[in-house]
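Undergrad: Next input, structure requested:
(one chain, ligands or ions: 1)
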Amino acid sequence: MILEKNNGKNRKKERRKRLVKFKTPYYVIHEDELDENFNKLKDALETYWNNYIIGYSYKTNALPWIIKHFDSLGCYAETVSEDEYNLAKLIGVAKNRIIYNGPIKTKNSFLEALQNECIVNIDSQREVEWLREVELKKRTVGIRINFNIEKMCPGQSQCPEEGGRFGFCYENGELSKVIKSLKEKKVKISGIHLHTSSKSRGLDIYRAIAEIACKLQKEFELDLDYVDVGGGFFGGLPTKPQFDEYIALMENILSTCFDKTKTKLIVEPGMAVIGAPVTYITRVIDVKDTEFNRFVITDGTRTSIDPLMTKSSYFHSFEIDGPREVHPNQIICGYTCMEHDRLFEEKDGPTLQSGDYIVYNKVGAYTMCLTPLFIKYFPDVYVEANGNLKKVRSAWTPTEYVQRSVLE
Ligand SMILES: Cc1ncc(COP(=O)(O)O)c(C=O)c1O
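TA: Next comes the predicted model:
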């Protein structure tokens, strides 16, 4: 059987042609797609809780262009380390538009963030101690809540047996103790932070988050400036829950205990806003037959689109010239020396050959930031806007690799 080279719509074909013209491998960020999806999130918040903050999750993808772009769209910077906190300042985020989360804050950056009136959510006992050194009028923090999400959403949490490790545990009384201790220290509890990474990213998770927020508000008589529900949403995928559904569902519950005009809803999207609008473009460099398999070697790598090696399939397409014979089974591989740098098996697909392009879609989250400097260094990144591509990061070379190193 002969496969036609491209039976997609013309628009898609044209777009793919535009994309495959630079030295591979490289990423392309589709700015229009990013903005369109981001606006859906904003619209949902404006419709259902028009007193909100969107904190873009730096850890999900902190490419400088990306974090600057989200700043320009009005997002706060959601950071979880001193490095991320300082990165936000370095790229020009206003000093009070940083959300500072996580267990690994340093004391200096913690104190500075409070001084600058950032949104600081405490995660550990040591931060409670540091608060003694903060002047009374700046003693304002949110508390990261550790709660039994598995019980509320069976089968959907990330650590069903061991439970989550972040925040102060509600069920064993640690939360109650910390609230008491903060009150003794005259610390204002301005918010609760309920981020929950889940396997499902489903609506149930956000129902549970909103319910627990209400439960805590009542039980501890909290008068909160914000409820921070964190990230973990889907976004940009038509077959998955939409922003409207997440926010409407939470509004329904939260509005029974919180006054919309007083308490802000904070969301911290990462994957939902940067996962979908990014493409990774690679090329076939060799085709090799062995006793067992046909291996198609490419100049991309699994470590650039699945650094945790957890995925078994990818949104992908081929950009090839001319009709091709069908091949029963080809194993598409990356360039590294790791045997398991195998991306996918193509069954009954077009017979690939050197020079063909393989384009991976929806690879913006937890990729660029997690890619190791293994064998080759960081690739080029382009932004596509109005049909044009602009380079926003040049591939690293040995020059960047040796920076800040002592050679002798
Ligand atoms: C505190 C916090 N906020 C936001 C996020 C972003 O999550 P996602 O990229 O799944 O939307 C994370 C991810 O781990 C997180 O830990």
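Undergrad: What are the buried residues along the lengthiest strand in the chain?
TA: Secondary structure assigned by DSSP state E gives strand 278-289 as the longest strand of the chain. Buried residues in strand 278-289, counted by 16 or more other Cβ atoms under 10 Å: 278-285, 287. From N, CA and C alone the C-beta is placed, and that goes for glycine too.
Undergrad: contacting residues around that strand?
TA: When contacts are defined by Cβ atoms under 8 Å, 6 or more residues apart in numbering, strand 278-289 is touched by residues 19-20, 22, 24-30, 61, 294-300, 304-305, 330, 335, 352-364, 367.
Undergrad: That one: partners in the sheet, and parallel or antiparallel?
TA: If you go by DSSP bridges, strand 278-289 pairs up with strand 26-30 (antiparallel), strand 294-298 (antiparallel), strand 357-361 (antiparallel).
Undergrad: Just the CA coordinates for the first one, please, in CSV.
TA: Listed in CSV are the C-alpha atoms of strand 26-30, where the atom choice follows Å, rounded to 0.1, in the frame of the first residue of the first chain:
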residue,chain,number,x,y,z
TYR,A,26,14.1,22.9,18.1
TYR,A,27,11.0,23.9,19.9
VAL,A,28,8.4,26.3,18.6
ILE,A,29,6.0,28.2,20.9
HIS,A,30,2.8,29.1,19.1
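Undergrad: Now the element after that strand, going C-ward?
TA: Using DSSP states H and E, the helix or strand that directly follows strand 26-30 along the chain is helix 31-48.
Undergrad: Check which element follows that following helix along the chain.
TA: Downstream of helix 31-48, the first helix or strand assigned by DSSP H and E is strand 52-57.
Undergrad: Between helix 31-48 and that following strand, find me the angle.
TA: 140 degrees (axes from the mean of the first three to the mean of the last three Cα atoms, to 10 degrees).
Undergrad: Work out the gap between the helix or strand just after strand 52-57 and the centre of the chain.
TA: Per DSSP H and E, strand 52-57 leads on to helix 64-72 as the next helix or strand towards the C-terminus. Offset of helix 64-72 from its chain centre (Cα atoms, centre = their mean, to the nearest Å): 14 Å.
Undergrad: contact partners of helix 64-72?
TA: For helix 64-72, contacts defined as Cβ under 8 Å, 6+ apart pick out 29, 31, 34, 38, 56, 58, 77, 87-88, 91-93, 97, 273-274, 381, 383, 392-393.
Undergrad: Check those one by one and keep those near the ligand.
TA: When Cβ under 6 Å from any ligand atom is taken as the criterion, no member of the contacts of helix 64-72 contacts the ligand.
Undergrad: helix or strand for the residue nearest to residue 138 when sequence neighbours are not counted, which one?
TA: Among residues not flanking residue 138 along the chain, residue 114 sits closest, at 5.1 Å (Cβ to Cβ, 6 or more residues apart in numbering). Following DSSP H and E, one finds residue 114 within helix 107-115.
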